[in-house]
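A.B. asks: sharing a model that was predicted from the sequence below.
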Amino acid sequence: MKAIIEHINTPQDLRTLNTKDLEQLIIELREFIIDIVSVKEGHLGASLGVVELTIALHYVFNTPIDKLIWDVGHQAYGHKILTGRKSIFETNRQFEGISGFPKMEESIYDSFGTGHSSTSISALLGMALSAQLQGNIHRQHIAVIGDASIASGMAFEGLNHAGVTNANILIVLNDNAMGIDPSVGALKKYLTNVKTGTAKEENIFECLNFHYTGPIDGHDLTILIKELQRLKKIEGPKLLHIITTKGKGLKSAEENQVVYHAPGKFNKQTGELQKKEPQQLAPKYQDVFGKTLVELALKNEKIVGITPAMPTGSSLKFMMDILPERAFDVGIAEQHAVTIAAGMAADGLIPFCNIYSTFLQRAYDQVIHDVAIQNLPVIFCLDRAGLVGEDGPTHHGVFDIAYLRCIPNLIICSPINEIELRNIMYTAQLGLEHPIAIRYPRGRGRILDWQKSMSKMTIGKGVLLKQGSKIAILSTGPIGNVATEIINELGSNSGIAHYNFPFIKPLDRKLLTQIIQKFDHIITLEDGSAIGGFGSAILEFANSIGIHKIIKIFGIPDFFIPHGDTERLYKEAGIDKMSVKKYVQQFL
């Protein structure tokens, strides 16, 4: 049979097909996604699960005039392929290629940029109300949101507002009982009861004034098209509840939905993950956190762990498996995660609140209001700090130093390696007078023999790593290892001194005073925002003691770093080894 997908470049092409051709397109679109992702990597399971829905939505609605928003965007690969990006889809998530998420500047079919969950309903309602105000009464507005994302507070805020409007919106609830990890919470249980016919008579969405329909089979294209065409004629807020299987069409992805959310490279025929050559590798930072937390919690019964829907990605799963009663997945609810940690700390527990750096941005008020003002010793463990690679600007954890440094009472620590991460976790659970944020990167560390006995750190203490007389490099976090490499390459007699500052706040004022008085050229190195970050703190301190020296800040510049492999992105940001080395050599 002649490939139909070859001739589909826009949704307009799609709408010329008959039912038989649409069913064939379903097969071809799944195969296309599997072919590319198996080789180029990316998010797989979510997009496979919505192939029928993607085709049905673009078939029934007049996109891009009708507005279609994909919540989070993990599931939008089929959408991208059908909307003019088929020929360049192999560049997905690569530097200067297309984004792994919907992006307004990339296509007129991407009605709203996404990457973080639960924003779709609010954005869609804004567009629908805007259309009303401008007299555009015929435009349709559709959001596709998963059962994990709709449980988030922001999604409920959007539903709550939408229910008292007559906005022309359709929420498609894609219910597959999965986020990245399995969905959790009372709403998941309610949706399960709806599916099995055991829910109470009142429907929660109807109570919120939505025209509810479902649940229907999200893999039956005929039923989907028929129902979407019916809902298209109904005014006001509507919700269509569909049941799908994440990873649909690839047996391995259906059976192991957590792994095949983003599986890396795999055999497209068998689904078998590509085996990597056995070798001794340093651990992932997330695993150092997860295993160290278990080690500490087994000895300290007051320790609890909290994560907002990322137990596998953060490695809190280790604690959930061994001490399930003391490890909490609260769902996609970062604000709740922070304040429940505050409540636990107020009652004498020692909460390790484990949140990706970029997701803590969503709970900023809670960090200030519920934790810092009350000076509660919550231990924030910020995974994915710094540049994270192919997920791009929505996921780069580069703002945490700047947005946390201005908060009173808050300690900020960025350990240089796995040993230092373990030591600060050990120190924090011994008891602190203030809350602390411990930031560490995505990916692997450098130390094979990392499970050593832990020792107490002195809060606010910097460390001299290498004596020197000409230039001082002041680093914070694992990027300090780059400075070590530069010194090794230039020779131990190069005159370069290297200081490690694991504590960005409080700074080691005594050590800093000595450094600023001694050196004429000072370099600061960090993998966070140059504005308001570690280097800014050094400049502020130098100014406060009335000493004016050349202080060069190497940090993330004032623009959003794109997606791509991390090594290339460090170069793009100007904080790679060659950029720093070239600057240093000017003064030697």
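C.D. replies: Looks like it arrived, so ask away.
A.B. asks: burial count for Q280?
C.D. replies: Around Q280 sit 5 other residues, with neighbours defined as other Cβ atoms under 10 Å. The way it works is simple: take the backbone N, C-alpha and C, and place the C-beta from them, glycine included.
A.B. asks: so is it in a helix, a strand, or just coil?
C.D. replies: coil (DSSP: H, G, I helix; E, B strand; the rest coil).
A.B. asks: go ahead and confirm it touches L448.
C.D. replies: Yes - shown here, Q280 and L448 form a contact pair, counting by Cβ atoms under 8 Å, at 5.8 Å.
A.B. asks: state the helix or strand in which the closest residue to I225 other than its chain neighbours lies.
C.D. replies: Sequence neighbours aside, A56 is the residue nearest to I225 in space, at 5.1 Å (criterion: Cβ to Cβ, 6 or more residues apart in numbering). Element membership for A56 (DSSP states H and E) is helix 51-60.
A.B. asks: now do that helix: which elements does it pack against?
C.D. replies: helix 11-14, helix 19-40, helix 77-80, strand 141-146, strand 169-175, helix 221-231 (3 or more Cβ pairs under 8 Å, 6 or more residues apart in numbering; DSSP states H and E).
A.B. asks: so which of those gets nearest M154?
C.D. replies: Among the helices and strands packed on helix 51-60, strand 141-146 comes nearest to M154, with 10.7 Å by Cβ to Cβ.
A.B. asks: circling back to that earlier point, show the contacting residues for the residue nearest to I225.
C.D. replies: The contact partners of A56, taken as Cβ atoms under 8 Å, 6 or more residues apart in numbering, are 221, 224-225, 228.
A.B. asks: export those residues to CSV and tack on pLDDT and neighbour count?
C.D. replies: Below are the contacts of A56 laid out as CSV (pLDDT from 0 to 100; neighbours: other Cβ atoms under 10 Å):
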residue, pLDDT, neighbour count
L221, 97, 20
L224, 98, 23
I225, 97, 18
L228, 98, 20
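A.B. asks: farthest pair in those residues?
C.D. replies: L221 and L228 (10.4 Å).
A.B. asks: quick check: closest non-adjacent residue to L231.
C.D. replies: Residue nearest to L231 in three dimensions, not counting chain neighbours: K238, with 5.2 Å by Cβ to Cβ, 6+ apart.
A.B. asks: what about that neighbour, neighbour count?
C.D. replies: Using other Cβ under 10 Å, K238 has 21 neighbouring residues.
A.B. asks: give me the phi and psi for it.
C.D. replies: Main-chain dihedrals, K238, degrees, to the nearest 10: phi -130, psi 150.
A.B. asks: name the nearest residue to A76, sequence neighbours excluded.
C.D. replies: By the measure of Cβ to Cβ, 6+ apart, the closest residue to A76 outside its immediate chain neighbours is W70, 4.3 Å from it.
A.B. asks: the one you found: neighbour count?
C.D. replies: W70 has 31 neighbours, counted by other Cβ under 10 Å.
A.B. asks: to D347, which of the helices and strands packed on helix 51-60 lies closest?
C.D. replies: strand 141-146 (33.3 Å).
A.B. asks: near Q24, how many residues? Count them for me, please.
C.D. replies: 16.
A.B. asks: now do the contacts for the residue most central in space within the chain.
C.D. replies: Centroid-nearest residue in the chain, with Cα atoms, centre = their mean: H395, separated by 4.5 Å. Residues in contact with H395, defined by Cβ under 8 Å, 6+ apart, are 115, 356, 358, 384, 388.
A.B. asks: identify the residues contacting stretch 27-39?
C.D. replies: For stretch 27-39, the surrounding residues in contact (Cβ under 8 Å, 6+ apart) are 3-5, 42-44, 47-48, 51, 54-55, 77-78, 81-82, 86, 89-90, 92, 248-250, 265-268.
A.B. asks: which of those residues count as buried?
C.D. replies: Among the contacts of stretch 27-39, the ones that count as buried by 16 or more other Cβ atoms under 10 Å are 4-5, 42-44, 47-48, 51, 54-55, 77-78, 81-82, 86, 89, 92, 248-250, 266, 268.
A.B. asks: A385 contacts A437, correct?
C.D. replies: No - counting by Cβ under 8 Å, A385 stays clear of A437, with 9.3 Å between them.
A.B. asks: now do the shared contacts for the two.
C.D. replies: Both A385 and A437 are contacted by D400, under the criterion Cβ under 8 Å, 6+ apart.
A.B. asks: returning to that earlier point: in the sheet, who's paired with the residue nearest to L231?
C.D. replies: L170, H211 (DSSP bridges).
A.B. asks: where exactly do the strands run in the stretch 451-588 of the chain?
C.D. replies: Shown for the stretch 451-588 of the chain, the strands assigned by DSSP state E, counting those that start in this stretch span residues 463-466, 471-475, 496-500, 503-505, 521-529, 550-556.
A.B. asks: T16 is nearest to which of these?
C.D. replies: Going by Cβ to Cβ, the one of the strands of the stretch 451-588 of the chain nearest T16 is strand 550-556, 47.0 Å.
A.B. asks: most remote residue from the chain's center?
C.D. replies: Computed with Cα atoms, centre = their mean, the maximum C-alpha offset from the centroid of the chain is found at N493, amounting to 42.4 Å.
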